[in-house]
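Enquirer: Below are the sequence and a predicted model; questions follow.
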Amino acid sequence: MGPIRVGFFYGAIAVVIAVFSQFFFLFLDPVETTDWVLAALTDFLPLAALAAYIMLAFLAALRARPTYLESGVPYRSFLLRDAALAAALVGALAGLANVLSTAVQAIFLADEIRAFAADAAPRIAAYVNEVRQDLSDPPPPTSAEQIQRLLQPPEIRDLAQSVGNAAIGTMILGALGAFVGLLRGLAKRNSDDDGASSERTARN
């Protein structure tokens, strides 16, 4: 597939992941949900989403195929360009989804997030402190107030940081895609060299 098509395909998956990671609280009852599930979602879901974006960008760069070639330009150059484009598109779509999600949370869902935080924070703190007791070198205890502060909704001014993070993420994933494209180009060149050597040997 071409870089635009493959980028949109994996970018759409990244958008779904971004939306779930930002709005998971709408699908959970903080009173009925198991303590460890609440703690895992609030603590590790952002990291899991970030890892998913990286994996999706890698897959996009791996599957991108140049669709427009120019005579005299090495094929590996097009691989590098299109792999970077596909991966950057994944980052751009994920970043846009996160920016829009931040805006929606700040403007429309702030009360719902505060209510979720008020109900979930005591249970998360109790679970974290219970696990803490089993550690040989436990960290300081966590209070429900600390957890609740961490779960507060974003504000309008946080949009600037969200836009900056989206731009940085797009550049990083684009660089990852370029690296993957470079490796693919080198592998293809080595394969072509081996094929040419085998052909010369067969002729001799």
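Expert: Here it is on my side, so go on. Everything quoted here is computed from the prediction, not taken from an experiment. Numbers count the residues shown, from 1 in each chain.

Enquirer: can we go C-alpha only for contacts and neighbour counts from here?
Expert: Will do.

Enquirer: Can you pull up the most central residue in this protein?
Expert: In the chain, the C-alpha nearest the mean C-alpha coordinate belongs to residue 53, at 2.5 Å (CA atoms, centre = their mean).

Enquirer: residues in contact with it?
Expert: 14, 90, 91, 94 (CA atoms under 8 Å, 6 or more residues apart in numbering).

Enquirer: So which of those belong to helices?
Expert: Among these, the members falling in helices are 14, 90, 91, 94 (criterion: DSSP state H).

Enquirer: The third one: how many residues sit nearby?
Expert: Read that as residue 91. Neighbour count of residue 91, defined by other CA atoms under 10 Å: 30.

Enquirer: Please report how far the spatially closest residue to it that is not a sequence neighbour lies from residue 71.
Expert: In space, and not counting its chain neighbours, residue 91 is closest to residue 170: 4.3 Å by CA to CA, 6 or more residues apart in numbering. Per CA to CA, to the nearest Å, residue 170 is found 30 Å from residue 71.

Enquirer: which of the two has more neighbours?
Expert: residue 170 (24 against 6).

Enquirer: Assign that one to helix, strand or coil.
Expert: Of the three states, residue 170 takes helix under DSSP: H, G, I helix; E, B strand; the rest coil.

Enquirer: returning to that earlier point: quick one: which two of the ones in helices among the contacts of residue 53 are the most distant?
Expert: Distances among the ones in helices among the contacts of residue 53 were taken as CA to CA; the most separated pair is 14 and 91, at 8.1 Å.

Enquirer: That concludes my questions; thank you for your assistance.
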